[in-house]
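how would this look folded up:
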Amino acid sequence: MSKANAVGAIAYGLDKKGPGERTVLIFDLGGGTFDVFILTIEDGIFEVKSTAGDTHLGGEDFDNRMVNHFVAEFKRKHKKDLATNPHALRRLRTACERAKRTLSSSTQASIEIDSLFDGIDLFTNITRARFEELCADLFRSWCSYSVEIPAPRGVHQIEATFNIDANGILNVSAQDKSTGKQNKITITNGKGRPSKDEIERMVQEAEKYRGEDEIQRDCVSANNHFEALLL
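As a prediction, this is how the structure comes out:
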């Protein structure tokens, strides 16, 4: 964890909130990168357990989405391409960065730039909902990163898989995630289960007595019907 992240954690008082060890998730979105940390804090001591992140995704990517949005809007309204004027783009980017910060606490932000391009002013608004829509895929990409806490030293992480096939045979596989070592076992338990011959005999007996059962059922039904008529 960088010093900046540690300072941020201290600024929020995470090192002083309650006794005992606590586990904390820190999400740090920088200008061009973002990092996720899982760490423990105890007696003012920070220990990083795991990290994840992206070195090619940061706040500037969100600024770019808003800039591109207004470049397209300006071109649609005024038939002028702001992308051909670096000075105009810089002014627009500065205004977009300010609007992005405003949207952190407000549902709408205004952008007002006098004489942005060829004497044309830019006075417009953007809502938080629209900004979230423009950056939806960037937000989703954050969810694709997972941070795993490693097992304590000397404790193995075992992943076990159980599969029972149509014949009732149990297949078990286990893999040590730290070493990749794998073991498999197949369990067939015939104890207490009828053999194939016994199953066949029971099927034949069921067929034999099925007709007798149907005759008996019809007799009972007819008797019930007759008694109902007498009543």
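
please make it C-alpha for all contacts and neighbour counts, starting now.
Fine.

can you pull out the helices in the chain?
3-11, 59-78, 86-102, 128-134, 136-143, 196-230 (DSSP state H).

quick check: the residue lying closest to A129 once chain neighbours are set aside vs R91, distance?
Nearest residue to A129 in three dimensions, chain neighbours excluded: T107, at 7.6 Å (Cα to Cα, 6 or more residues apart in numbering). As judged by Cα to Cα, to the nearest Å, T107 and R91 stand 23 Å apart.

and if you look at T124?
From T124 to R91 the distance is 14 Å (Cα to Cα).

got the domain ranges for this structure?
3-57, 59-137 (automatic domain parsing).

any idea which of those domains scores lowest on pLDDT?
Ranked by mean pLDDT, the domains of the chain bottom out at domain 3-57, which scores a mean of 73.

of the domains of the chain, which approaches G180 most closely?
Closest of the domains of the chain to G180 is domain 3-57, at 19.7 Å (criterion: Cα to Cα).

that older thread, for T179, find the nearest of the domains of the chain.
domain 3-57 (18.2 Å).

so who does Q182 touch?
Applying Cα atoms under 8 Å, 6 or more residues apart in numbering, we find Q182 in contact with 173-176.

PyMOL command for the buried members of the residues you listed?
Selecting the buried subset of the contacts of Q182 in PyMOL, with 16 or more other Cα atoms under 10 Å as the burial test, is done by:
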select buried, resi 174+175
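
what about the contacts of Q182, which are in strands?
Within the contacts of Q182, residues falling in strands by DSSP state E are 173-176.

show the contacting residues for the closest residue to E112 other than its chain neighbours.
Using Cα to Cα, 6+ apart and skipping the chain neighbours, the partner closest in space to E112 is F123 (4.5 Å). Neighbouring residues of F123 by Cα under 8 Å, 6+ apart: 110-113.

any chance of those residues in CSV, plus neighbour count and distance to G20?
Below are those laid out as CSV (neighbours: other Cα atoms under 10 Å; distance: Cα to Cα, whole Å):
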residue, neighbour count, distance to G20
S110, 16, 46
I111, 16, 48
E112, 13, 51
I113, 16, 53
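
skipping its backbone neighbours, what lies nearest V36 in space?
F27 (4.7 Å).

which residues does the one you found contact?
Taking Cα under 8 Å, 6+ apart, we find F27 in contact with 34-37.

do K80 as well
74, 117.

now swap in F37 and tell me
Contacts for F37 (Cα under 8 Å, 6+ apart) come out as 1, 25-27, 48-52, 147.

that one and T51: what is the separation?
Distance from F37 to T51, by Cα to Cα: 5 Å.

neighbours around N85, how many?
11 (other Cα atoms under 10 Å).

nearest residue to it in space, please, no chain neighbours.
Closest to N85 by Cα to Cα, 6+ apart is F117, at 7.9 Å.

hang on, isn't that neighbour packed against A88?
Yes. Between F117 and A88 there is a contact at 6.3 Å, judged by Cα atoms under 8 Å.

pick out the most distant pair among the contacts of F123.
Across the contacts of F123 (Cα to Cα), the longest gap, 10.0 Å, separates S110 and I113.

and the closest residue to A88 other than its chain neighbours, how many neighbours does it have?
Of all residues not flanking A88 in the chain, L116 sits nearest, at 5.8 Å (Cα to Cα, 6+ apart). Other residues lying near L116 total 18 when counted by other Cα under 10 Å.
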